[in-house]
Structure formats: C-alpha cells, structure tokens
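S.K.: output the structure for:
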Amino acid sequence: MTTPRIAVVGIHGHGEKHVQHSRALQDAGRARLAAVVDPREPLEGHSAHGTGTAWFPTLGDLLSSPDPDVRPDVVVLCTPIPTHLPLARAAMEAGMDVLLEKPTTASLAELTELVAVTERTGRLCQVGFQTFGSHAVPAAAELVARGEIGEVLGYGAVGTWVRDTAYWNRAPWAGRRRLDGRDVVDGVVTNPLAHAVATAMRIGGVTRADDIAWVETDLYRANPIESDDTSSVRVTATDGTRYGFGLTLCAPERSDARIIVSGTRGEIELAYEHDRLVLRSNRIIMDKTYGRTSLIDDLLEVRASSDPDRRLLCDVRDTGAFMRVMEAVRTGPDPAPIPAEHVTWHGEGDERRPEVRDVEQWCERVARTQQTFGELGAPWTR
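M.R.: Presented below is the predicted three-dimensional model:
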C-alpha cells in the first residue's frame, strides 16, 4: 500500500495531540500528515505551523479540493460532540476511514445512524477511547475469567478530578446539555471521565447497547452549568452484573481514576491513566504496568491487514454500551444543584473551582457497592 495520508480536523486543544502524533508517524515513514482542518489557522507555536501542511477552514473545503496530494485516506475528528455524526458520515461517504474522538455521538439514535454508515460504505470507524488500547484491559478481563478473585460481586469506577472555571469557559458547548437546539451532553459522565465508564464495562464484556438491561442516573452540579459535574450511575447488564460509577470534577485534589472489580476472594484495581493493574487476592498480590497501543496506529494496521477478521480496538459498534449510559444521562432529569453548605469555593477568576465536601469517600462507596449517592445517603442528596 502507498503511505496513508492523514487529515486532522479540529487541531486546537486535544486535537493538537493528534497533529503531533501524525507528525511522528510521518517522521517514521508510516503515514503522512496531508492536511489540517480548523476554522482557526495554526499560528506560530502550534505543531502544524510552518510545516508546509495544507490548512482548510472546514472539512467540506478539504473534500472539495482538486489537489489529490491533500486528499486523506484517514480523517481524525476532534470536534464538538454535535458535529461527530455529520463529519464522520461525510468522510466515510467520501471513501475515508475515521478516528472519531469520544463520546461517539450526541445520542443513541445518532450512533445507530453512524453504524449504518460504516456498514453501507464499508469504511472503518475507530472511536477515541484510548484506554481500549491499553494492554492492561484484556489482562484484567483474563484475570476475572480465570477466577483469580472468585465470583465477581460487581464492577466500579472512581474518578475524583478537579476542573476550574476556565475549563467550563473553554468552548460554547462546554458544560451544556443542549446548544442551539442540538444535544451536547457535556458532563462528567459523558466526557472527561467517560473512559472510566466505558473501560469498566469493557473489562466486564459489556460493549454493545443490548448488553445492558437498564441504567440509573443520579446527577448533580456544584458549578453554574447545565450538565453534571458530580454524579453516580448504576448500570445493570443483561446477565445481572452491576456496575457503579462515582465521578466528580469537584474533588479537593485530582487523583488517579480507577476501575475496581470486586470478587469473593479479592479485587482487581486498574489505574487506567497509567495502565497499572493491581491484583489482590487470598492467593496472590500482583502489581504490573502494561503498555498501550495507539488507536491511530491500530487503525492504520487494520487498514493494511490482509486478515478479514482483524478488528479495531475500539470499533464504533463497541461503544454502544457507553452510548446507552450517555442516552440515560441525556434523557434523564437535569442535574440537581448541590446546596451551598456542602460546597467550598477556591481561587479567583478562571482558577475559581468548587470542592464538594467528602466527595471522594462517596465516589469510592458508589464504586464498591454499586449504589447511587441518593441510596447511600450522601448529604447533598437529602
């Protein structure tokens, strides 16, 4: 095959990391960064500035370019959530494979439509849940399957992070449930700590929408936003297994997000940001850090593979379970404001941020019991 050409759409913020990785692939002779797309041209200091890479303000401008040298084989989409479906559809209908940043789409119905596009066009669509490339994830699933922790009692995830006012002001859609009549659903469950939700379910073998029986949400906000910043969610799989997610962006300090699998003879803990897997059982204690495969590298390898059964690490179809959770958040009640007596504010201006009292302990309890904040009696829920 000829060297694949990559275009990155949405090159500021997280998108710049995709530009940098694409340039590294180019330096290694594995791909070529053919174009970058963004309404804002890359200026001095940006990874794409001064590289000779073609710039286009919109994906439509790129796709209509008469220059075959800039026409990509792979399009990386790092754009606002409401644009995911239309941009991915345009790229695949133009004959290109896609790496689409998470969350996959703004609704479960849009996911169904996107899957239909992949099947109609025969194109690949990888979704940017980077943790699905972690070698620790299948290792954790194997430990569970081998019975290393006995019978599984439940899966959980704890995410206690910190976000300030600048984070919520970073874009017009940040912290919104809807914008200009379209679903956005940008909250703690569906965006910054989406990896915690999707990865825990992946370890338990829950990836498709029909793997889930029901979802219960308990959503709150300490910030003056529309979406949730402190939430608990319980997912019950079709086999009865329960998953509990305790997530916040209002912790006193940022800690590593963790997946916890509890069993009758021990537990598995995965610090997924570092690919660190810890097994504690009545037979053994294991602490191991694993490697990780980049999802764009995986997409390129699957494109080049002659094996018809070779699958993407995060095929769009494997995000259906996460999208069931996102759908429950989207269609559920608006997040309830946390009363002021449970919130302490720190900092000024863009650095101003709320701390919900004792939120770390409550998130941990959600993950270990698969109960919601309300069921556990967290004080801000009364």
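S.K.: for residue 186, what are its contacts?
M.R.: 81, 173-177, 227 (CB atoms under 8 Å, 6 or more residues apart in numbering). All C-beta spots, glycine's among them, are computed from the backbone N, C-alpha and C.
S.K.: next one: it from residue 249, what distance?
M.R.: Going from residue 186 to residue 249 by CB to CB, to the nearest Å gives 11 Å.
S.K.: what are the buried residues along stretch 208-223?
M.R.: 209, 211-212, 215-223 (16 or more other CB atoms under 10 Å).
S.K.: what is the mean pLDDT for it?
M.R.: Regarding stretch 208-223, the rounded mean pLDDT is 98.
S.K.: mark which of the contacts of residue 186 are buried, thanks.
M.R.: Listed as buried from these are 81, 173-177, 227; burial here means 16+ other CB under 10 Å.
S.K.: columns secondary structure and distance to residue 164 on top of the residues you listed, output as JSON lines?
M.R.: Compiled in JSON lines, those are given as follows (DSSP: H, G, I helix; E, B strand; the rest coil; distance: CB to CB, whole Å):
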{"residue": "81", "secondary structure": "helix", "distance to residue 164": "21"}
{"residue": "173", "secondary structure": "coil", "distance to residue 164": "18"}
{"residue": "174", "secondary structure": "coil", "distance to residue 164": "12"}
{"residue": "175", "secondary structure": "coil", "distance to residue 164": "12"}
{"residue": "176", "secondary structure": "coil", "distance to residue 164": "17"}
{"residue": "177", "secondary structure": "coil", "distance to residue 164": "21"}
{"residue": "227", "secondary structure": "coil", "distance to residue 164": "16"}
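S.K.: got CSV for the residues you listed, with pLDDT and distance to residue 245 too?
M.R.: Below are the buried ones among the contacts of residue 186 laid out as CSV (pLDDT from 0 to 100; distance: CB to CB, whole Å):
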residue, pLDDT, distance to residue 245
81, 89, 19
173, 91, 23
174, 93, 21
175, 95, 19
176, 95, 21
177, 94, 19
227, 97, 15
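S.K.: show me what the residue nearest to residue 333 when sequence neighbours are not counted is bridged to.
M.R.: Once flanking residues are discounted, residue 333 sits nearest to residue 219: 7.3 Å by CB to CB, 6 or more residues apart in numbering. On the basis of DSSP bridges, residue 219 is bridged to residue 231.
S.K.: residue contacts, residue 219?
M.R.: Contacts of residue 219 (CB under 8 Å, 6+ apart): 187, 189, 228, 231, 329, 332-336.
S.K.: rerun that using 6 Å as the cut-off
M.R.: By CB atoms under 6 Å, 6 or more residues apart in numbering, the contact list for residue 219 reads 228, 231, 335.
S.K.: who wins for neighbours among the residues you listed?
M.R.: Counting neighbours by other CB atoms under 10 Å, residue 228 comes out on top of the contacts of residue 219 with 31 neighbours.
S.K.: that residue belongs to a helix?
M.R.: No. Secondary structure of residue 228 (DSSP: H, G, I helix; E, B strand; the rest coil): coil, not part of a helix.
S.K.: these two touch, right, it and residue 335?
M.R.: Yes. Contact criterion CB atoms under 6 Å: residue 228 and residue 335 qualify, at 4.0 Å.
S.K.: residues shared between the contacts of the two?
M.R.: With CB under 6 Å, 6+ apart as the test, residue 228 and residue 335 both reach 219, 221.
S.K.: check which element follows the worst-scoring helix or strand of the chain on mean pLDDT along the chain.
M.R.: None of the helices or strands of the chain scores lower by mean pLDDT, DSSP states H and E than strand 182-183, at a mean of 88. With elements assigned by DSSP states H and E, the helix or strand that comes after strand 182-183 is helix 194-203.
S.K.: check which helices and strands that following helix sits against.
M.R.: strand 152-160, helix 320-331 (3 or more CB pairs under 6 Å, 6 or more residues apart in numbering; DSSP states H and E).
S.K.: state the distance from residue 2 to residue 52.
M.R.: 19 Å.
S.K.: same question, residue 197
M.R.: The spacing between residue 197 and residue 52, counted by CB to CB, is 40 Å.
S.K.: more neighbours: which of the two?
M.R.: Legend: neighbour count by other CB under 10 Å for residue 197 and residue 52, higher for residue 197 (27 against 6).
S.K.: for the stretch 201-350 of the chain, what spans make up the strands?
M.R.: Using DSSP state E, counting those that start in this stretch, the strands of the stretch 201-350 of the chain run over residues 212-221, 230-237, 242-248, 258-263, 266-271, 276-281, 285-289, 336-337, 343-346.
S.K.: residue 359: which of those is closest?
M.R.: Closest to residue 359 of the strands of the stretch 201-350 of the chain, according to CB to CB: strand 242-248, at 4.9 Å.
S.K.: run through the residues that contact residue 288.
M.R.: By CB under 6 Å, 6+ apart, the contact set of residue 288 is residue 277.
S.K.: residue 301: neighbouring residues, count only.
M.R.: Residue 301, neighbours per other CB under 10 Å, totals 15.
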